[in-house]
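1. structure of the sequence below:
(2 chains)
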Amino acid sequence: MDLTLWTYEGPPHVGAMRVATAMRGIHYVLHAPQGDSYADLLFTMIERRGARPPVTYTTFEARDLGADTAELFKTAIREAYDRFAPEAIIVGASCTAELLQDDPGGLARAVNLPIPVIPLELPAYRKKENWGSAETFCRLTRALAGAPRHREFGARPRCNILGPTALGFRHRDDVQEISRLLGQIGIDIGVTAPLGATPHDLTRLYDADFNVVLYPEVALPAAQWLEKAYGQPFTRTVPIGVGPTRAFVAEVAALAGVDASPTLRDATSRLPWYSRSVDSTYLTGKRVFVFGDATHAIAAARVARAEFGFRVVGLGTYSREFAREVREAAEACGAEPLITDDYLEVEAKVGELRPELVLGTQMERHIAKRLGIPCAVISAPVHVQDFPARYSPQMGFEGANVLFDSWVHPLMMGLEEHLLTMFREDKEFHDGATPSHLGAKTRVAPPIAAPAAKTLDVSAAETVAATPGVEDGSQTAWSADAEKELKKIPFFVRGRARGNTERFARERGLTAITVGTLYDAKAHFGR
Amino acid sequence: MNAPVPLGQEGTVSIIGCEAAPILRERGQREVFCGLTGIVWLHRKIQDAFFLVVGSRTCAHLLQSAAGVMIFAEPRFATAILTERDLAGVADIDDELDGVVSRLLERRPDIKLLFLVGSCPSEVIKIDLKRAAVRLSLNHSPRVRILAYSGSGIETTFTQGEDACLAALVPSLPSESPDSERSLLVAGALADVVEDQFARVFDALGIGPVRFLPMRRAADCPQVGPKTLFLLAQPFLGDTARALEERGAKRLSAPFPLGSEGTTLWLQAAADAFAVPAERFDAATAEGRARAETSLARHRQTLSGKRVFFFPDSQLEIPLARFLSRELAMDPIEVGAPYINRQLVASELELLPEGPTLSEGQNVDRQLDRCRAARPDLIVCGLGLANPLEAEGFATKWSIELIFTPIQGYEQAGDLAELFARPLVRRDLLEV
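-> Predicted coordinates:
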C-alpha cells in the first residue's frame, strides 16, 4: 500500500481516455463501476471540451458481481456500436474490473462487430496514466497501421507528428506551431496523431518518410514500432527553447533531405534578444527548481540554464520511465535529481532548496504558493488556467517567446528587487507581507499538522533553523548582533542566509555566530 | 404553470402530487460520482477527522479531481493505494494497513477520528475494514477513534457516501441519560453558517437541546437515545435514519429545508413534535419567511414558466424540483435521481405537482435523448455533461454546486434561486 495525498498521474485507463478523446471516430468501452465516469469531467471541465469523451462505462454494481458482469459488458459494447457508429473500438478494464477478470477483449470478440476492436491490457495496480496513453497509442498503431508498404519515390518529403493527446499541456498549440515550422522547411505532414486523427488516418501512417515525436511519454513506443515495421526513423530532439528548436529544424531537414539553412536564417524568436537586453541581467544565476514530466522537465532545465542564465538547483520528474534521462540532465546542469511521485517529497525538496523560481506542474504551483515562491507551470498535470484562450505553444520559436514571458512574469523585476535590497526597513518589506506581485494579503503560515520531517515549509524551516545545532547536536548560537544583522537581509532570502550561515558555522565547529560569521558565510556561499 | 403557493392556508397543498406517480427505472451508464466524493465536504465539516481511502490510484485521482483544486495545505484525506503486492498476497493487508495508519497518525497528531473508507477494489477483494477498524482502535485508543464505512461505487452513489459515514458514526454516539428531556437531533452535513441559523430558530421556538450530526469536532459527539427526535437535513440519509432508529430515536417526517416553504414545513415538524404554540412559531419564523420571500421575488421573473430537466446526481433533485415548481413557478419536465427512497421523500412527493417524469437510476445516453427532445430551458446536471450540453446550446446548472454551497434555510432561499437564475441571466447578458 502506498500512502498518497495527491497524485501526479491518474490510472492507466485515464491515459487511454486521453488518446481516445483526442481522436475522432473511435469509441472506448470501459468495464468499470459507477463513479469511474468522474474522468469525463477532466476533459469537459479542465480542458473545456464541448463534447463528452467517447467512452461507455459498463457501470456494474455490487449486485451484478454475483450475476453476470460479462453480459453487461457485451450489452454495453453492442449499444455503443449501434449508437456511436465508430470506425474502431478499444476495450479495457478499469482497476476494479481488472479484479473481476472478465476479459473484455475476449467478450468483444464474441460480440463479433464488423469493425476493428482493439483490446487494451492496462495493469491498473502497476502502471499509470502516461504509460496508459503510450500503450494505447502503440496498440492502436500496431492494430491499424497495416502491412508495410513503401512510399512513392520522388514525392515531397513527408512526416507524421506523433504524441499530442487530449488534456496535454499545450499540445494543441504545439501541433500548430510545429506544423507551421515543418511547412516552412518544405516538409508535408501526413498524419498527426492521436490528436485529431481517425482510425482510418492511422492506416496511412506508413505513408511518411519519418516521424516527429513531440512527446516521448506518449509516442515513443509507437515510433519505435513504426521504425521497426516501416523503417521510419523518428526525431530525438524536443523543440522546446530556441537552441533545441534550431537543432530540431536541422534534424528534420536531415531526415527529409532538404536544406534547413533558409529556415534557420529567417527564424525569429524574441527570446535571444530579450535575454541579452540589459533588463534581463537580474535573471542571472536565479536559483530555479524544475519538476514535471520528463520531456518538459529536461527541456525546461536546459532552457533555464542556457537561454535565461538561471541556475538549476533541482531537477526532477514523476515519470519513472524516464528516470535515467532526468538523472543525466540533472548531472549536466549540476542539479540534484529527484525521481518521485510523492508530492510531499517534492514539497520538502522545494522547502529545503529555497529556489527563487519554481518551474513545475499544477502541484508545484500550490507548493510554491504556500512557500511564497514565484512559479510557472511547464508540464501536466495541469488545471483549467493552463488551457489559455490565446495561442501559447511551448514548442518552436513562438513557444520560446511564450516561455520567456511566462517564466519572467512571476518574478520581481530588476529595479524592484534592488529597491527591496536597499531599503530593508520599509514596513511593507517584512516576513509577514506577501510580495506585492503575489497579492497584497498578509502571508499566513500554513497550518502545520505535524513537525514531521517530510513537511517543510517556510515557518517549519525557520523553527528548525532557530534551534541551532539540532542536526549534529553541536551548539551553534546566534549572537544578538548577528540576529539583528540577519533581519536586514531581505526576507525572501533570509531563511537561506540563516541556513547557510549555520551550516558554515557547523562545518567549522563554531559555537557562536557573530556578525563576522554571517559575512564570512556570505562571502563563502556568495555567487 | 404552478403559481407559488401561499403558506399556511389550508387546502392549498396539493393532495394529487407525485406520491403515486409511476417511476421510470433505468439501467445503464451512470454519469454520477461514487460515495467517496462525500469526503470532499465531510473532511471540512468534521475538523479533526481524517478519511483514509483504501483503494486504487483511480480513487485518489477521483478525489483530487472532485475536489477540483488542490488548495489545501494538506487535506485531511488520503488514499492507501493497493499495489500488486497487496493483491498477490505478497504483502499482508493487515500489516500494510497498520503501517499506513501508524505513519499517518504520527504525522497528524491533531487527528482524533479516523475513517477507513472502503472502495470498489477493497470491496471486491473483500478487505474487512470494519474488523481492521476495531483492531486499529485498540492500538490507537484513546487518542484516536477509528471507524470504517464504504464509499465504493459498486454500493454507493455520490451523497450516499455521507449516509454511510454518518451511519457508521451512529452506533458509537454516546447515549442520553435515561432521565434526560426530549432532544432534537438534526442529521446531515450543513454549512456551519446554516447550522448556526437553525440553532437560533430552534432556540426562538424554545426547542432544545438541539444537536447536530455530523459534529464539528470528534469530541462533540451528539447524544442519542429513545428521547431523541430527529430531523433529516438531507434527503440521502436512509441508512443513517435506520441506525438512529435502532438507537431508539424517532424520525420526524418532513420535506427538506430548501426554499421558504420547505424550511417552514421542516421547522413545523419539529415545532409540532415539541408542541410549540402556533403564535410562537409564527413569531419565530415570520422574519425569515419575509426575507426569503423578498429574495425569491427577485428571481421569480427570470425563472417563472421555465422548463427544467434534472439529471440524477445528489438526491436533492426531488426537493429542488418541489422548490422550483412551488416557489418559483418553474416547470420540471423530468426529475431524475440516482435512487428514490419513497419513505424519505414521501412528504416531498406529496407537494411536487403532477406532471414531471420521475426517473430512477440512469442510462445516460437514453436520458440525453429525452432531454434533447424535450428542449428544456435549464438542465441541472453533473460536470461531465454540463459543457457538452452548453455546447449544444442548452443552459445548464452544474449540480455539484448545490452540494458545496449553503442553500438550506430562509436566509439562503434567495441564494438557491439565484443558482438557477444565473445561467439564464448570463445567457441574456452575453453578446458574444
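2. phi, psi for the closest residue to chain A within chain B please.
-> Relative to chain A, the nearest point of chain B is B:Cys34 (2.6 Å; CB to the nearest CB). All C-beta spots, glycine's among them, are computed from the backbone N, C-alpha and C. When quoted as degrees, to the nearest 10, the phi and psi of B:Cys34 stand at phi -90, psi 180.
3. show me what it is bridged to.
-> Beta-bridge pairing for B:Cys34 (DSSP bridges): B:Thr157.
4. ok, it to A:Val29 distance?
-> Distance of B:Cys34 to A:Val29, given as CB to CB, to the nearest Å: 20 Å.
5. kindly report the domain assignment for chain B.
-> B:23-31+B:287-430, B:35-156, B:183-278 (automatic domain parsing).
6. anything in the longest one near chain A?
-> Yes: using CB under 8 Å from any CB of the partner chain, a contact is recorded between domain B:23-31+B:287-430 and chain A, made by B:28-31, B:365, B:382-388, B:390-391.
7. now the end-to-end length of that domain.
-> 38 Å (CA to CA, to the nearest Å).
8. what's the answer for the second one, then?
-> Across domain B:35-156, the terminal residues are separated by 5 Å (CA to CA).
9. then stretch B:48-65?
-> Criterion CA to CA; first-to-last residue distance in stretch B:48-65 is 23 Å.
10. that one close to chain A?
-> Yes: counting by CB under 8 Å from any CB, chain A is contacted by stretch B:48-65 at B:54, B:56-58, B:60-62, B:64-65.
11. looking at these, which are in helices?
-> B:57-58, B:60-62, B:64-65 (DSSP state H).
12. after the top helix by length along chain B comes which helix or strand?
-> Identified as the longest helix of chain B according to DSSP H is helix B:278-303. Next in sequence after helix B:278-303, counting helices and strands by DSSP states H and E, comes strand B:307-310.
13. quick one: that next one to chain centroid distance?
-> Mean-position distance between strand B:307-310 and its chain equals 20 Å (CA atoms, centre = their mean, to the nearest Å).
14. what does stretch A:199-213 give?
-> Worked out by CA atoms, centre = their mean, stretch A:199-213 lies 26 Å from the chain centre.
15. neighbour-wise, give me the winner out of the ones in helices among the residues of stretch B:48-65 next to chain A.
-> Comparing these by number of neighbours (other CB atoms under 10 Å in any protein chain shown), B:Thr58 comes first, having 32 neighbours.
16. look up how far A:Asp173 lies from the residue nearest to that one when sequence neighbours are not counted.
-> Among residues not flanking B:Thr58 along the chain, A:Pro11 sits closest, at 4.5 Å (CB to CB, 6 or more residues apart in numbering or on different chains). Separation of A:Pro11 from A:Asp173 (CB to CB): 27 Å.
17. what pLDDT does the residue in chain A positioned nearest to chain B get?
-> The nearest approach of chain A to chain B comes at A:Gly35, 2.6 Å away (CB to the nearest CB). A:Gly35 carries a pLDDT value of 93.
18. wait, it sits on B:Cys120?
-> Yes: with contacts counted by CB atoms under 8 Å, A:Gly35 reaches B:Cys120, the gap being 7.2 Å.
19. got phi/psi on the residue of chain A closest to chain B?
-> The phi/psi pair for A:Gly35 (degrees, to the nearest 10) reads phi 110, psi -30.
20. I'd say the residue nearest to B:Thr58 and B:Leu62 touch.
-> No: using CB under 8 Å, A:Pro11 is not in contact with B:Leu62; the gap is 9.6 Å.
21. can you get me a residue count around the residue lying closest to B:Leu147 once chain neighbours are set aside?
-> Ranked by CB to CB, 6+ apart and with sequence neighbours excluded, the top spatial neighbour of B:Leu147 is B:Ala168, at 4.9 Å. B:Ala168 has 22 neighbouring residues, counting by other CB under 10 Å.
22. in chain A, which helix or strand is least confident?
-> helix A:458-466 (a mean of 34; mean pLDDT, DSSP states H and E).
23. beyond it, next helix or strand please.
-> Assigned by DSSP H and E, the successor of helix A:458-466 is strand A:477-478.
24. packing partners of that next one?
-> If you count contacts as 3 or more CB pairs under 8 Å, 6 or more residues apart in numbering or on different chains; DSSP states H and E, strand A:477-478 packs onto strand A:512-513.
25. picking up where we left off before, of all the domains of chain B, which one comes closest to A:Ala155?
-> Checking the domains of chain B against A:Ala155 by CB to CB gives domain B:23-31+B:287-430 as the closest, at 39.2 Å.
26. tell me the mean pLDDT over that closest one?
-> For domain B:23-31+B:287-430, the mean confidence score works out to 96.
27. for stretch A:309-328, same thing?
-> On average, the pLDDT along stretch A:309-328 is 96.
28. for that stretch, list every residue counted as buried.
-> Neighbour counts using 16 or more other CB atoms under 10 Å in any protein chain shown place A:309-319, A:321-323, A:325-327 of stretch A:309-328 among the buried residues.
29. first to last residue in that stretch, what's the distance?
-> Span of stretch A:309-328 from end to end, CA to CA: 20 Å.
30. starting at the chain centroid, how far to that stretch?
-> 11 Å.
31. near chain B at all, that stretch?
-> No: residues of stretch A:309-328 contacting chain B under CB under 8 Å from any CB: none, with a closest distance of 12.5 Å.
32. name the helices or strands packed onto the longest helix of chain B?
-> helix B:192-205, helix B:259-273, helix B:317-328, helix B:410-429.
33. now that helix: how far from the chain's centre is it?
-> 24 Å.
34. ok so, going back, what about B:Cys34 and A:Val29, which has more around it?
-> B:Cys34 (31 against 28).
35. if we can go back for a sec, tell me the contacts of the residue of chain B closest to chain A?
-> A:33-36, A:38, B:62, B:120, B:151-153, B:156-158, B:161 (CB atoms under 8 Å, 6 or more residues apart in numbering or on different chains).
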